[in-house]
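1. Please find the sequence and the predicted model below.
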Amino acid sequence: MNNNARYSKAQWRILKELAAEVYQIELDMELDKLLAQFQSWKSGQIDSWDLEEAIHKFHQGPSRKLYSTHNNVDADIIIAWALKRGIIPSEKIPPDLLEKIMDIMAIYG
């Protein structure tokens with residue numbers, strides 16, 4: 001179904017805002033992991049080469065995957081996945097919009 005027909009402009013705007021919030025949350029979680037590598041480097045547990053490798057892996061892995069997902073997947077799908085994984089609470093979503101998102105969650109299991 002065409003998303004323009006499924007959602008009002010206001011609902012689509014809410015979905016996009018929530019999807020941006022999910023992106024931020026997911027990116028923050030991945031950056032926390034990278035921060036741990038920086039802290040290990042600063043404390044002498046790993047050397048600069050290990051840190052460089054961690055940065056490279058972050059860029060090629062989680063960073064790239066998040067960018068690709070959030071730029072190639074519709075906001076309603078992102079919100080459905082985020083709800084399922086507990087990234088955002090259902091209370092953040094207006095009831096009429098949540099009903100439509102729950103339909104998506106049912107389709108994708």
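-> It's in. Residues are numbered from 1 along each chain as shown.
2. which helix of the protein spans the most residues?
-> Using DSSP state H, we find that the single longest helix of the chain is helix 9-42.
3. Follow the chain on from it and name the next helix or strand.
-> helix 48-58 (DSSP states H and E).
4. Can you tell me what sits against that following helix?
-> 30, 33-34, 37-38, 40-41, 46 (C-beta atoms under 8 Å, 6 or more residues apart in numbering). For every residue, glycine as well, the C-beta is placed using N, CA and C.
5. Taking their axis directions, the helix or strand following it and helix 48-58 sit at what angle?
-> Next helix or strand after helix 48-58 toward the C-terminus (DSSP H and E): helix 64-72. Put simply, helix 64-72 runs at 20 degrees to helix 48-58, going by axes from the mean of the first three to the mean of the last three C-alpha atoms, to 10 degrees.
6. quick one: the very next helix or strand once past helix 64-72 to chain centroid distance?
-> Downstream of helix 64-72, the first helix or strand assigned by DSSP H and E is helix 75-84. Helix 75-84 sits 9 Å away from the centroid of its parent chain (C-alpha atoms, centre = their mean, to the nearest Å).
7. any weak-confidence spans in the chain?
-> Scanning the chain for pLDDT under 70 picks out 1-4, 108-109.
8. Phi and psi next, for G44.
-> phi 90, psi 10 (degrees, to the nearest 10).
9. quick revisit: so which of the contacts of helix 48-58 is the most crowded?
-> Q37 (19 neighbours; other C-beta atoms under 10 Å).
10. which residue is nearest the middle of the protein?
-> Y23 (3.5 Å; C-alpha atoms, centre = their mean).
11. surely it meets H70?
-> Yes: contact status for Y23 versus H70: in contact at 4.5 Å, counting by C-beta atoms under 8 Å.
12. Identify the contacts common to the two.
-> I78.
13. Now stretch 84-91: buried residues?
-> Buried residues in stretch 84-91, counting neighbours by 16 or more other C-beta atoms under 10 Å, are found at I88.
14. How about residues contacting that stretch?
-> Counting by C-beta under 8 Å, 6+ apart, 18, 21-22, 25-26, 79, 81-83, 98, 105 sit against stretch 84-91.
15. any idea how far it is from the chain center?
-> 11 Å.
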